[in-house]
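*Asks:* Take a look and give me a structure for this.
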Amino acid sequence: MKVFILAGGYGKRLRPLTNKIPKPLIMLDDKPIIEWQIQWLKSNNINSFVIGLGYLKHKLISHFKKKNHNVEYVVETEPLGTGGAIKNAEDILKNEEKFMVINGDIITNLDCSKLFLSKNDLVSMALVPLKSPYGVIKTRNLRVVEFREKPVLKGYWLNAGIYLMSKKIFNYLPEKGDVEKLFQELALKNRINGVKFTNIYWRSIDSIKDMEEGSLDLKLKKIYTL
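*Replies:* Okay, here's the model as predicted:
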């Protein structure tokens, strides 16, 4: 099975770090984000990688020249959005009955095989529990009685940026635009399967704080399967 890694974005929220290197090459502990991803995917028996390139593409190509990975590239000549980027990879992915797509800025240890259990959906989307970005306070009779540090918000789920897609998705993808808008349309037609993951590690690297905390988690081996 092939996996398409969305790695062509500008990484604006991590500037100035991303002024000279693309976001997937940002270092976490002792290796870049994309190498942690490939290590995780290989642990799930996924060994064929298609990298969607755009911004600073030569940096990623140079990186992979030094690695022993089965890698193919698809290049955007202009920003296409996440949906357009996947559509741009149609020539490479169209012969796969199913293929995976992942955002190029996430770190996780979830078990990909759970996504494969659904047979007929256009998309199986990994969902992870939504955590509050802030600590919360419980009160009783105008008194503060408890502090809770970033609790899970029960009943709410987050798109993990990890998908199993049928090749039929290419009939729906835009030439240019974000895939999230398409997901809204497909959800109304009951064409997306949500696969819930609990008790796993998942983090999107969107800020310096995410980098620092993710690096520490990796150093302390909190992500046991990586």
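*Asks:* can you map out the helices along the protein?
*Replies:* Applying DSSP state H to the chain gives helices spanning 33-43, 57-65, 81-88, 90-93, 179-188, 208-219.
*Asks:* Figure out which of those helices is closest to F170.
*Replies:* helix 90-93 (5.0 Å; CB to CB). Just so you know, the C-beta spots here come from the backbone N, C-alpha and C atoms, and that holds for glycine as well.
*Asks:* And that closest one, what does it pack against?
*Replies:* When contacts are defined as 3 or more CB pairs under 8 Å, 6 or more residues apart in numbering; DSSP states H and E, helix 90-93 sits against strand 2-6.
*Asks:* now the helices of the chain as a markdown table including mean neighbour count and mean pLDDT?
*Replies:* Output for the helices of the chain, formatted as a markdown table (neighbours: other CB atoms under 10 Å; pLDDT from 0 to 100):
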| stretch | mean neighbour count | mean pLDDT |
| --- | --- | --- |
| helix 33-43 | 19 | 93 |
| helix 57-65 | 15 | 90 |
| helix 81-88 | 22 | 93 |
| helix 90-93 | 15 | 93 |
| helix 179-188 | 15 | 91 |
| helix 208-219 | 15 | 88 |
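*Asks:* which one of these lies closest to D111?
*Replies:* That would be helix 33-43 among the helices of the chain, by CB to CB, at 9.5 Å.
*Asks:* so where's this protein shaky on pLDDT?
*Replies:* 120, 222-226 (pLDDT under 70).
*Asks:* biggest strand in it, by residue count?
*Replies:* In the chain, taking DSSP state E as the definition, the longest strand is strand 152-166.
*Asks:* Give me the helices and strands touching that strand, please.
*Replies:* strand 98-103, strand 106-108, strand 123-131.
*Asks:* So which bits of it are buried?
*Replies:* Across strand 152-166, burial judged by 16 or more other CB atoms under 10 Å covers 157, 160-166.
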